[in-house]
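Engineer: A predicted structure for the sequence below; I have some questions about it.
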Amino acid sequence: GAVVSQHPSWVICKSGTSVKIECRSLDFQATTMFWYRQFPKQSLMLMATSNEGSKATYEQGVEKDKFLINHASLTLSTLTVTSAHPEDSSFYICSASPLGRINSPLHFGNGTRLTVT
Amino acid sequence: QQQVKQSPQSLIVQKGGISIINCAYENTAFDYFPWYQQFPGKGPALLIAIRPDVSEKKEGRFTISFNKSAKQFSLHIMDSQPGDSATYFCAAKGGSEKLVFGKGTKLTVNP
(Lines give C-alpha, C1' and ligand atoms only; values in the text may rest on other atoms or scores of the structure.)
Protein backbone atom coordinates (compact mmCIF):
# COMPACT_ATOMS: atom_id res chain seq x y z
CA GLY A 1 0.00 0.00 0.00
CA ALA A 2 0.91 3.65 -0.34
CA VAL A 3 3.20 4.86 2.43
CA VAL A 4 3.72 8.41 3.62
CA SER A 5 6.66 9.01 5.92
CA GLN A 6 7.16 11.99 8.20
CA HIS A 7 10.34 13.07 9.90
CA PRO A 8 10.96 13.75 12.66
CA SER A 9 8.27 11.98 14.64
CA TRP A 10 8.79 14.40 17.49
CA VAL A 11 10.83 17.53 18.08
CA ILE A 12 11.40 19.90 20.94
CA CYS A 13 12.67 23.37 20.17
CA LYS A 14 13.18 26.64 21.94
CA SER A 15 10.94 29.60 21.38
CA GLY A 16 12.15 31.75 18.49
CA THR A 17 13.84 28.98 16.57
CA SER A 18 12.65 27.33 13.35
CA VAL A 19 11.76 23.71 12.81
CA LYS A 20 11.53 21.81 9.53
CA ILE A 21 9.25 18.81 9.10
CA GLU A 22 9.59 16.50 6.11
CA CYS A 23 6.85 14.55 4.40
CA ARG A 24 7.79 11.89 1.89
CA SER A 25 5.71 9.61 -0.27
CA LEU A 26 7.80 6.44 -0.27
CA ASP A 27 6.28 4.36 -3.04
CA PHE A 28 4.32 6.80 -5.13
CA GLN A 29 4.51 10.27 -6.58
CA ALA A 30 2.23 13.09 -5.50
CA THR A 31 1.80 16.51 -7.07
CA THR A 32 -0.28 17.55 -4.10
CA MET A 33 0.32 17.02 -0.42
CA PHE A 34 -1.68 18.38 2.47
CA TRP A 35 -0.56 19.65 5.86
CA TYR A 36 -2.77 19.41 8.92
CA ARG A 37 -2.40 20.29 12.55
CA GLN A 38 -4.21 18.56 15.35
CA PHE A 39 -4.59 19.77 18.91
CA PRO A 40 -5.19 17.23 21.70
CA LYS A 41 -8.57 15.55 21.50
CA GLN A 42 -9.52 17.56 18.45
CA SER A 43 -9.98 16.89 14.79
CA LEU A 44 -7.50 17.54 12.02
CA MET A 45 -7.42 21.07 10.71
CA LEU A 46 -6.18 21.61 7.18
CA MET A 47 -3.43 24.21 7.15
CA ALA A 48 -2.33 24.27 3.55
CA THR A 49 -2.17 22.42 0.27
CA SER A 50 1.33 21.85 -1.02
CA ASN A 51 1.69 21.87 -4.79
CA GLU A 52 4.79 20.48 -6.50
CA GLY A 53 6.63 23.20 -8.34
CA SER A 54 4.35 26.03 -7.29
CA LYS A 55 3.27 28.00 -4.28
CA ALA A 56 1.30 26.40 -1.52
CA THR A 57 -2.32 27.33 -0.92
CA TYR A 58 -3.02 28.28 2.66
CA GLU A 59 -6.31 27.99 4.49
CA GLN A 60 -7.90 31.06 5.96
CA GLY A 61 -6.24 32.14 9.16
CA VAL A 62 -2.98 30.27 8.55
CA GLU A 63 0.05 32.56 8.36
CA LYS A 64 2.00 31.68 5.23
CA ASP A 65 5.11 33.52 6.45
CA LYS A 66 5.12 31.51 9.63
CA PHE A 67 4.42 28.12 8.12
CA LEU A 68 6.65 27.88 5.08
CA ILE A 69 5.89 25.05 2.70
CA ASN A 70 8.16 23.78 -0.03
CA HIS A 71 7.24 21.00 -2.44
CA ALA A 72 10.38 20.61 -4.48
CA SER A 73 9.78 17.15 -5.87
CA LEU A 74 6.99 14.67 -6.49
CA THR A 75 7.89 12.78 -3.33
CA LEU A 76 8.84 15.44 -0.82
CA SER A 77 7.12 18.35 0.86
CA THR A 78 8.51 20.26 3.82
CA LEU A 79 6.83 22.42 6.42
CA THR A 80 9.00 24.91 8.28
CA VAL A 81 7.60 26.50 11.39
CA THR A 82 9.49 29.77 11.65
CA SER A 83 10.12 31.66 14.88
CA ALA A 84 8.23 29.03 16.79
CA HIS A 85 6.29 29.94 19.90
CA PRO A 86 4.70 27.74 22.57
CA GLU A 87 1.28 28.16 20.95
CA ASP A 88 2.67 26.44 17.85
CA SER A 89 3.07 23.26 19.87
CA SER A 90 0.85 20.73 18.18
CA PHE A 91 0.70 17.52 16.20
CA TYR A 92 1.44 18.16 12.54
CA ILE A 93 0.35 15.59 9.98
CA CYS A 94 0.83 15.44 6.23
CA SER A 95 -1.09 13.46 3.65
CA ALA A 96 -0.83 12.66 -0.03
CA SER A 97 -2.55 10.65 -2.71
CA PRO A 98 -0.90 8.90 -5.63
CA LEU A 99 -0.45 10.92 -8.80
CA GLY A 100 -2.72 10.04 -11.66
CA ARG A 101 -4.88 7.55 -9.82
CA ILE A 102 -8.42 8.73 -10.05
CA ASN A 103 -10.36 8.49 -6.81
CA SER A 104 -7.33 7.28 -4.87
CA PRO A 105 -7.55 7.78 -1.13
CA LEU A 106 -5.44 10.11 0.93
CA HIS A 107 -2.69 8.45 2.91
CA PHE A 108 -1.42 10.05 6.07
CA GLY A 109 1.96 10.18 7.67
CA ASN A 110 2.39 9.27 11.31
CA GLY A 111 2.62 12.88 12.36
CA THR A 112 5.21 15.07 14.05
CA ARG A 113 4.76 16.13 17.64
CA LEU A 114 6.20 19.63 18.01
CA THR A 115 6.82 21.03 21.45
CA VAL A 116 8.06 24.60 21.74
CA THR A 117 9.55 25.51 25.10
CA GLN B 1 -19.24 26.24 9.31
CA GLN B 2 -18.95 22.58 10.12
CA GLN B 3 -19.48 20.65 6.91
CA VAL B 4 -19.43 17.19 8.45
CA LYS B 5 -21.15 16.60 11.77
CA GLN B 6 -20.11 13.50 13.68
CA SER B 7 -21.70 11.85 16.69
CA PRO B 8 -21.31 10.69 19.35
CA GLN B 9 -18.23 12.41 20.67
CA SER B 10 -17.38 9.36 22.73
CA LEU B 11 -18.63 5.80 22.83
CA ILE B 12 -18.13 2.94 25.23
CA VAL B 13 -18.95 -0.55 24.07
CA GLN B 14 -18.51 -3.98 25.58
CA LYS B 15 -16.36 -6.52 23.81
CA GLY B 16 -18.40 -8.30 21.19
CA GLY B 17 -20.89 -5.49 20.87
CA ILE B 18 -21.68 -3.27 17.91
CA SER B 19 -20.18 0.22 17.70
CA ILE B 20 -22.11 2.74 15.64
CA ILE B 21 -20.83 6.16 14.68
CA ASN B 22 -22.90 8.58 12.65
CA CYS B 23 -22.05 11.44 10.34
CA ALA B 24 -24.10 13.97 8.41
CA TYR B 25 -23.03 16.33 5.68
CA GLU B 26 -24.47 19.32 3.91
CA ASN B 27 -22.48 19.77 0.72
CA THR B 28 -24.10 17.75 -2.05
CA ALA B 29 -20.89 18.05 -4.07
CA PHE B 30 -19.20 15.56 -1.76
CA ASP B 31 -18.68 12.28 -3.57
CA TYR B 32 -16.24 10.36 -1.42
CA PHE B 33 -16.76 9.42 2.21
CA PRO B 34 -13.88 7.74 4.04
CA TRP B 35 -13.52 6.70 7.64
CA TYR B 36 -10.21 6.98 9.39
CA GLN B 37 -8.95 5.28 12.54
CA GLN B 38 -6.40 7.06 14.68
CA PHE B 39 -4.46 5.67 17.61
CA PRO B 40 -2.80 8.07 20.08
CA GLY B 41 0.36 9.63 18.69
CA LYS B 42 -0.22 8.24 15.21
CA GLY B 43 -1.58 9.62 11.99
CA PRO B 44 -5.03 8.63 10.76
CA ALA B 45 -5.24 5.38 8.84
CA LEU B 46 -7.86 4.79 6.17
CA LEU B 47 -10.31 2.19 7.40
CA ILE B 48 -13.01 2.03 4.76
CA ALA B 49 -14.58 4.39 2.24
CA ILE B 50 -17.74 4.66 0.20
CA ARG B 51 -19.06 6.58 -2.77
CA PRO B 52 -22.68 7.76 -3.22
CA ASP B 53 -23.53 5.17 -5.85
CA VAL B 54 -23.80 2.41 -3.23
CA SER B 55 -25.76 2.27 0.00
CA GLU B 56 -23.53 -0.07 1.91
CA LYS B 57 -19.98 -1.33 1.90
CA LYS B 58 -18.57 -4.03 4.11
CA GLU B 59 -14.99 -4.95 4.83
CA GLY B 60 -14.56 -7.55 7.49
CA ARG B 61 -16.13 -6.31 10.72
CA PHE B 62 -16.48 -2.77 9.39
CA THR B 63 -19.53 -1.60 7.44
CA ILE B 64 -20.43 1.81 6.05
CA SER B 65 -24.09 2.57 5.52
CA PHE B 66 -24.86 5.50 3.26
CA ASN B 67 -28.15 7.38 2.88
CA LYS B 68 -27.83 9.84 0.04
CA SER B 69 -31.27 11.40 0.43
CA ALA B 70 -30.72 12.07 4.12
CA LYS B 71 -27.07 13.06 3.54
CA GLN B 72 -25.96 10.73 6.29
CA PHE B 73 -23.49 7.91 6.59
CA SER B 74 -22.47 5.71 9.44
CA LEU B 75 -19.78 3.27 10.50
CA HIS B 76 -20.72 0.01 12.13
CA ILE B 77 -18.09 -2.09 13.87
CA MET B 78 -19.36 -5.58 14.49
CA ASP B 79 -17.97 -7.80 17.25
CA SER B 80 -16.05 -4.85 18.68
CA GLN B 81 -12.69 -5.70 20.24
CA PRO B 82 -10.49 -3.87 22.76
CA GLY B 83 -7.98 -3.36 19.93
CA ASP B 84 -10.60 -1.29 18.14
CA SER B 85 -10.33 1.34 20.87
CA ALA B 86 -9.24 4.46 19.00
CA THR B 87 -10.57 7.72 17.68
CA TYR B 88 -12.59 7.45 14.50
CA PHE B 89 -13.06 10.26 12.05
CA CYS B 90 -15.53 10.43 9.24
CA ALA B 91 -14.63 12.64 6.33
CA ALA B 92 -15.96 13.85 3.02
CA LYS B 93 -14.42 15.12 -0.16
CA GLY B 94 -15.66 16.73 -3.32
CA GLY B 95 -14.16 18.02 -6.50
CA SER B 96 -11.81 20.42 -4.70
CA GLU B 97 -9.88 17.45 -3.30
CA LYS B 98 -9.91 18.96 0.16
CA LEU B 99 -10.86 16.39 2.74
CA VAL B 100 -13.24 17.68 5.41
CA PHE B 101 -13.18 15.86 8.73
CA GLY B 102 -15.76 15.31 11.38
CA LYS B 103 -14.78 16.11 14.96
CA GLY B 104 -14.04 12.52 15.83
CA THR B 105 -15.44 9.83 18.09
CA LYS B 106 -13.38 8.27 20.81
CA LEU B 107 -14.30 4.61 20.99
CA THR B 108 -13.51 2.54 24.05
CA VAL B 109 -14.17 -1.17 23.92
CA ASN B 110 -14.16 -2.74 27.35
CA PRO B 111 -12.90 -6.31 27.70
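Structural biologist: Thanks, I have the structure now.

Engineer: ok, and the closest non-adjacent residue to the closest residue to chain A within chain B?
Structural biologist: Residue of chain B nearest chain A, by C-beta to the nearest C-beta: B:Gly43 (3.9 Å). Yep, even glycine has a C-beta here, placed from its N, CA and C like the rest. Spatial nearest neighbour of B:Gly43, chain neighbours left out: A:Phe108 (3.9 Å); criterion: C-beta to C-beta, 6 or more residues apart in numbering or on different chains.

Engineer: before we move on, the earlier item: check which helix or strand the residue of chain B closest to chain A maps to.
Structural biologist: According to DSSP states H and E, B:Gly43 maps onto no helix or strand at all.

Engineer: again, but for A:Tyr92
Structural biologist: strand A:90-96.

Engineer: any part of that strand near chain B?
Structural biologist: Yes. Judged by C-beta under 8 Å from any C-beta of the partner chain, strand A:90-96 comes into contact with chain B through A:Ile93, A:Ser95.

Engineer: strands along chain B, start to end?
Structural biologist: Using DSSP state E, the strands of chain B run over B:4-7, B:10-14, B:19-25, B:33-38, B:45-50, B:56-59, B:62-67, B:72-77, B:86-93, B:99-101, B:105-110.

Engineer: among those strands, which gets the worst mean confidence?
Structural biologist: Note on the strands of chain B: lowest mean pLDDT is at strand B:99-101, with a mean of 90.

Engineer: packing partners of it?
Structural biologist: Helices and strands touching strand B:99-101, by 3 or more C-beta pairs under 8 Å, 6 or more residues apart in numbering or on different chains; DSSP states H and E, are strand B:86-93.

Engineer: what is the orientation angle of the strand it packs on with strand B:105-110?
Structural biologist: 150 degrees (axes from the mean of the first three to the mean of the last three C-alpha atoms, to 10 degrees).
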